[in-house]
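Chemist: Build the 3D model from these lines:
(chains A, B and C)
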Amino acid sequence: MNEYITLSLILFTIGAVGVLVRRNAIVVFMCIELMLNATNLAFVSFSRQHGNLDGQVAAFFVMVVAAAEVVVGLSIIVSIYRTRRSTSVDDASLLKS
Amino acid sequence: MFDLQWLLIAIPLASGALLLIWGKEADRFGHLIGTAASAASFLFGVVLFAALLGKDAEARSQSTSLFTWIDTGTFHVEMGFTFDQLSGLFVLLITGVGTLIHVYSIGYMEHDPRRRRFFAYLNIFVAAMVTLVLASDYLVLFLGWEGVGLASYLLIGFWQHKPSAAAAAKKAFVVNRVGDIGMALAIMLMFAQFGTSAIHAVNAAAPGAGDGVATALGLLLLLGACGKSAQVPLQSWLLDAMEGPTPVSALIHAATMVTAGVYLVVRSGGVFDSSEAARTAVMIVGLVTLLAGAWIGCAKDDIKKALAGSTMSQIGYMMLAAGLGPAGYPFAIFHLITHGFFKANMFLGAGSVMHGMNDDVDMRHYGALRKAMPITFATFALGYLAIIGFPGFSGFWSKDKIIETAFGENLWVGLGALLGAGVTAFYMTRLMMMTFFGDKRWKDDVHPHESPKVMTYPLIALGALSLLGGLLLVGDWIVEWLEPVVGEGEHHELAIPAIALTGIITLVAASGVALGYFTYGTKPIAAETPADSSVSVFTRAGRHELYGNQINDAVVVRPTTHLTRFLVWLDGKGIDGFVTGLADRLGETSQFLRKPQTGFVRSYALTMFGGVAILVLCLLAVTLA
Amino acid sequence: MILTILAATPIAGALILALLPRETGSHLRAKTVALGVSLITLALSLVALAKFDPESGGYQLTSTHEWISAFGAHYAVGVNGIGITLVLLTTVLTPIVLLAAFGDRLPDPRSTNAYFAWMLAVEGLAIGAFSATDAFLFYVLFEATLIPLYFLIGTFGGPNRSYAAVKFLIYNLVGGLLMLAAIVGLYVVSSRQGEASYLLSDLQDLDYSQTTERLLFLGFMAAFAIKAPLFPLHTWLPDAAGQATPGTSVLMVSVVDKIGTFGMIIWCVGLFPEAADWASPVIIVLAVISIVYGALLAIGQDDIRRLIAFTSVSHFGFIILGIFAFTTTSMAGATLYMFNHGLSTAALFLVTGIMIARRGSARISDFGGVQKIAPILSGVLLIAGLSSLSLPGLAPFVSEFLVLAGTFTRSIPAAAVATLGIVLAALYILIMYQRTMTGPLKEGTEGVTDLEPREIAALTPAIVLIIGLGFFPQPMLNAISPAIDTVMSHVGSNGGKSDPAPKSPTIVDAPAEEEGGH
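Modeler: Numbering: from 1, shown residues only, chains lettered A, B, ... in the order given. Just a heads-up that it's a prediction; the model follows:
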């Protein structure tokens, strides 16, 4: 069981570091997904360990939210890319253009 | 019938409103409507007065209330009028002289495109003035009081395109408002003290209210009277008011409105009788103004301003008489009426002269007009003889009585009044000599001519009244007539017989005339006003109206202007500055706090991680501890 | 019920206007609809007046419904003599303002619909605030008037409009916030003494501890003193009035600011008589300062609109002085003054607004000799000005004198200093009249043409009322006096103040029995 938790921790750490150090919005985005999935993994593992389904349910919720987030987030990134020809998050440091 | 006395006000008021609203179509006949309204008011006044004559002395005060003006809480004021011996005389004077001046104005204002408006204003004036004298409540009197002030404002500034006229109108209104503070506070005091401002009730209750209240009331009313009657220290507006058309000067600033202050004092006899101090103040104000006005009258070359100085001085006589208490009241009113006749006469005469001289007012450009304007000259001479107190003329009787009563009160007051009589004779002789006698000093393009009949007939009527006004004193009629209103005066025995005093007064006046004649009648007069530096200090002071304007400027106007400027600055920089400063500080604070908000997502994320880490550590610390 | 309809009609009118499709050209349809709605409201208010019994001092035409039972808020409306007077002021002035606003040149003419809709909204909300008898409802409506006024100033005003609008909003929000705190405080007090209720009648029966009462009073008073600007909280008004269109200024100064003075009588004095009495010396001093200070600043202004704003500061000083002098006479005078000041200021703002629009400048020094080319305009300005300086025979005189006479019985120094205001008033009005209207025609002023028939039609009712009420104020006073008596008796039983009696009273003779002489 500990292996799953360790994997989840590693994945989460990779995601967190990626969010902090990368500038490319797409990569940042993927890193966020990575973190979400790391938590999913943790949820499912704990669920299995405790023998009840609450963790599974939470994982499903996270997936649904992540899907919605992908839709909104990607479309924002695409539209920013269209106007700025760049996907660097540092270029969009002000709320106004 | 006396229930209808409000018609005396309503007729001219309606006519005035009609003329203003009707518009240009009424230009052709507006002046006729205006004159007819004034005449109708006069005729109705005569009818009422005749009815009053037919009644017993006790029944000669006829009051009526039109409606309740204000009634709330403890405050109750009726729109009430009283036609009695005093107000009846005034109504006749106002509407009578008023009608004559209306007639005169038809000719005088003939070429003015705004003649209809002029008549509307005159009508409104008559209505307001009659309201003032008929009022049976001080607040209603105040309504008329301000109404005449408004009419005066409109008429002084009638030729508004002249900045000087507009400024003079504003000055008159504002100075009068200073006096109105006194009036307003007096009425408030009446309410606080007596719970009413009905004239009758206040005067009946004044003796019981204590000396302090009566003195305060008297002094406050005197302040109001000083404003309206151009008495020192609120005299400065009257000379400027001569910017108005001459009929206005005759009606408002000589015969009627400016005497309202005297009316107020006499009407408030109950108050002034209860306070020796207030009465003395009235007397002193009267005496000072009497001499100051005469002084100014001696120095002015502008015929209207010379006459205005004379008006001040004559009203000073009336005030002086009113300050002498019940013994003086009838003579104050008597002189007021005779003065109304002869001064209106002379002002209109001056207007007639100006009419013939292309509206030039400088007497140094006149001279030898008696042949060019015989009727004007003759009527003016009647007024002249009346004002200097030529035996038999109206002014002789009225002024004589005032000086006599003044001597009965106090030797020095009597001497002051006597001196005034001499100076009056001097400056009026000067005016006569410079205008009607001597050499021609006319400008080249001036062709003096007699005025049209519509102007000379009123002059003749007023000339006759100047001569015959003294008849009111036959058998002490006016004294007995007014006695129920003003009370009976105690008679002081004089040290010398009255007839001897009359002789002395006449002698003093005669020496004034002689001095005037020898100074101005025998030598040629310069056609230009000598420079200030070449005349005596007395003349210079007189020319500058005894520096009244300069004093006002230094004491009131300039400090107020500076205060206003300072306050504008304070409001912007201080009070508003505090608020906007507060806003600015807030803005700066937020600018400072904005700095960490770089907009870089990762620095936000790092902060978040840091924050979470700290929280977790804290939680751990708490849990472990 | 009639009051609800009365307040709802203009609001409904505003919604209709907002939904109407935009027109091009003169936007006559929107203007006519707005004017029509305001006239219907006026007619309805006359119906309400007919139903109103002036003899009674209590609340009439009431209707009460539970609104938010959790904290005792009700939808409760009703008017006493004071309320009906101010409702009438609102319904009379709005058509005048709307008719006069037909000619307003807006920064963006496409927004005409919105302009008129906001104005109708102000009317509806003000009527609501004047007739609310529930503290919570009153608070909501009081604050809601800010919204339309904010947009009226900020969207349709002069070049510096956004600064003025934000200043207006922030000032009034600060006041509103303090009032909100007091409203919450009322709930606390009320819920501790039984079931929570915001009804005026219930709040009046509560027992307040001394400190609580004073704090609550200050909360309400702060909001009202900002609204009806009392020195030194007045600086938003000249800026707002200097930038707003004349119609907006009228609605703001003549109507909405009256909610402040109205609130002082109904809510401050009505709920907290003891605290009002405690604070009255300070407020009287501030009111007297307002009178003199406003007048002096008016004299020093070159912008006509700011001048009128400062005259209003002075006049509001009189109103507040009358309220806190605590005499029946002065309070009735203050209430009447609210109505009269509304009329005279409206006339003044509208006629100068016309003048300013034609000249393209609001500076006094840019005018001169206008009387010659526009005699009717100058005549109307003179009458409006004379009413502002309280000439006897015009409406404001009666109210001003009642205030002064009432104050005199309470404090002679306060009355005496306030009386100075009458000289200063003569100065600020006559100086303005002299500089703009008299003298030779100034270059650049030629474009100031005389009033058009529409403008005359708009201004005539105001002028007629100003003159008419100068001679016949009694019908209004008949409605106001019983309500004031009720307020005063409440003050008397709780605050220990009653009318000072005359020191040496006389038996007032009926005039008919008077015989001359003394």
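Chemist: What lies in contact with stretch C:103-111?
Modeler: Residues from elsewhere that reach stretch C:103-111 (C-beta atoms under 8 Å, 6 or more residues apart in numbering or on different chains): C:22, C:27, C:112, C:115, C:155-156, C:245-247, C:354, C:357, C:452, C:454-455. Just so you know, the C-beta spots here come from the backbone N, C-alpha and C atoms, and that holds for glycine as well.
Chemist: what residues does the stretch 351-500 of chain B put near chain C?
Modeler: B:484-487 (C-beta under 8 Å from any C-beta of the partner chain).
Chemist: Let's see that with 7 Å instead.
Modeler: B:484-485 (C-beta under 7 Å from any C-beta of the partner chain).
Chemist: circling back: give me the buried entries from the contacts of stretch C:103-111.
Modeler: Neighbour counting with 16 or more other C-beta atoms under 10 Å in any protein chain shown marks C:27, C:112, C:115, C:155-156, C:245-247, C:354, C:357, C:455 as buried within the contacts of stretch C:103-111.
Chemist: wait, which of those is closest to chain A?
Modeler: Closest approach to chain A among these (C-beta to the nearest C-beta): C:Thr155, at 22.5 Å.
Chemist: Just the pLDDT for the closest residue to C:Phe472 other than its chain neighbours.
Modeler: Once flanking residues are discounted, C:Phe472 sits nearest to B:Phe67: 7.5 Å by C-beta to C-beta, 6 or more residues apart in numbering or on different chains. pLDDT for B:Phe67: 92.
Chemist: same check, this time on B:Lys371
Modeler: 88.
Chemist: neighbours of it, just the number please.
Modeler: 10 (other C-beta atoms under 10 Å in any protein chain shown).
Chemist: and what of B:Thr256?
Modeler: Close neighbours of B:Thr256, defined as other C-beta under 10 Å, add up to 28.
Chemist: Against B:Leu336, how distant is it?
Modeler: Using C-beta to C-beta, to the nearest Å, B:Thr256 is found at 9 Å from B:Leu336.
Chemist: Correct me if wrong, but the residue nearest to C:Phe472 is in a strand.
Modeler: Yes: B:Phe67: assigned to a strand according to DSSP: H, G, I helix; E, B strand; the rest coil.
Chemist: Would you confirm that it contacts B:Phe81?
Modeler: No: between B:Phe67 and B:Phe81 there is no contact under C-beta atoms under 7 Å: 11.4 Å.
Chemist: the more surrounded of those two?
Modeler: B:Phe81 (26 against 11).
Chemist: mind listing what the more buried one touches?
Modeler: B:5-6, B:63-64, B:134-136 (C-beta atoms under 7 Å, 6 or more residues apart in numbering or on different chains).
Chemist: In the stretch 51-200 of chain C, which residue sits nearest chain A?
Modeler: Scanning the stretch 51-200 of chain C for the residue nearest chain A gives C:Ser162, at 18.4 Å (criterion: C-beta to the nearest C-beta).
Chemist: so that residue is in which element?
Modeler: For C:Ser162, the host element (DSSP states H and E) is helix C:161-192.
Chemist: And the helices in chain A, which stretches?
Modeler: Counting by DSSP state H, chain A has helices at residues A:2-21, A:25-50, A:54-84.
Chemist: Packing partners of the longest one?
Modeler: Here helix A:54-84 is seen to pack against helix A:25-50 when contacts are counted using 3 or more C-beta pairs under 7 Å, 6 or more residues apart in numbering or on different chains; DSSP states H and E.
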